[in-house]
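Participant: predicted model, plus sequence, below.
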Amino acid sequence: MTISTLQSSSAVRGSVLGLLTAAAIGGAATTAAAAPCSPEVVADVLAPVSETQRSVTLTCDLKLTRKDVVTKQLHFLGRASSGVKVDCGGATIGGVSKVPRVGGGIVVRSRGETPEQMAADRPESITITNCRLEGVIRVTGAGVNGEDKKVTASSHSAGHTKRMQAAAPTGITFSNLTIVGTGPIPIYLAPGVTRVTLRDSRINGRTIGPVIYLDAESGHNQITGNRFDIETAKRELIAI
């Protein structure tokens, strides 16, 4: 990923305000469009989070309104979630949860026990727009980070980068989001994740780590036209 423009200025308590533009190579794979979500699925999405239902997996196009609040995590898992579009219309994902250790979040993840299985069951071409997210975004393939056992095992044999990229989600677009950091790294692209776009969004709040983390073997990702106004305890805005 080649950074073409970076402007930042420091403010009180390490708050950082800046614009970042990154260039990407190529485009995402073409995937069939998903069907609109049924009223029953929408009701499930908007139902309060509970100990027995902490998340909802989307395989359909979801439209929300500004007055809506989603307290469950939104999950996009495997090929079944490919082609899904979410337009929040200003709705909030996250917020205060009465269930311990459940925070607001968006999780995009491949399915399978091995990199080869995940390559056959990964989500592609997902678009998420116009949301206020009080929580985190996690995009994950063969491992949650570079120390994951599956990633480490793969790294000892030839073709590791190609294998990690084939196993990870690709072609995911986040646009016009307001992301409010609550402590953890707001946006984490795990090993092998490719062709993710974050554009025209605002990142506020606070984080104890970087704001965006692009892990090993990730590539061809775009970060463009975003505004950073977030307190960082001791790390850089973007770790590559």
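Facilitator: Ah, there it is. Here the structure is a predicted model, which means the values were calculated and not measured.
Participant: what residue is smack in the middle of this protein?
Facilitator: Centroid-nearest residue in the chain: I137, 3.5 Å away (criterion: CA atoms, centre = their mean).
Participant: buried residues in the helix or strand hosting that one?
Facilitator: Element membership for I137, per DSSP states H and E: strand 132-140. Buried residues in strand 132-140, counted by 16 or more other CB atoms under 10 Å: R132, L133, E134, G135, V136, I137, R138, V139, T140. To be clear about C-beta, it is placed using only N, CA and C from the backbone, and glycine gets the same treatment.
Participant: correct me, but the first one touches I93?
Facilitator: Yes. With contact defined as CB atoms under 8 Å, R132 counts as touching I93 (7.0 Å).
Participant: let me see the ranges of the helices in the chain.
Facilitator: Ranges of helices in the chain, per DSSP state H, are 39-46, 115-120, 149-154, 160-167.
Participant: most tightly surrounded among those?
Facilitator: Neighbour counts (mean count of other CB atoms under 10 Å) averaged over each of those peak at helix 160-167, with a mean of 22.
Participant: kindly provide the whole-number mean pLDDT of that one.
Facilitator: Averaged across helix 160-167, pLDDT comes to 96.
Participant: same deal with stretch 145-156?
Facilitator: Across stretch 145-156, pLDDT averages out at 90.
Participant: who's in contact with it?
Facilitator: Stretch 145-156 is contacted from outside by T114, P115, A142, G143, H160, R163, M164, A190, P191, D215, A216, using CB atoms under 8 Å, 6 or more residues apart in numbering.
Participant: which strands or helices does the strand holding I137 pack on?
Facilitator: Under the contact criterion of 3 or more CB pairs under 8 Å, 6 or more residues apart in numbering; DSSP states H and E, strand 132-140 touches strand 92-94, strand 104-109, strand 178-183, strand 187-189.
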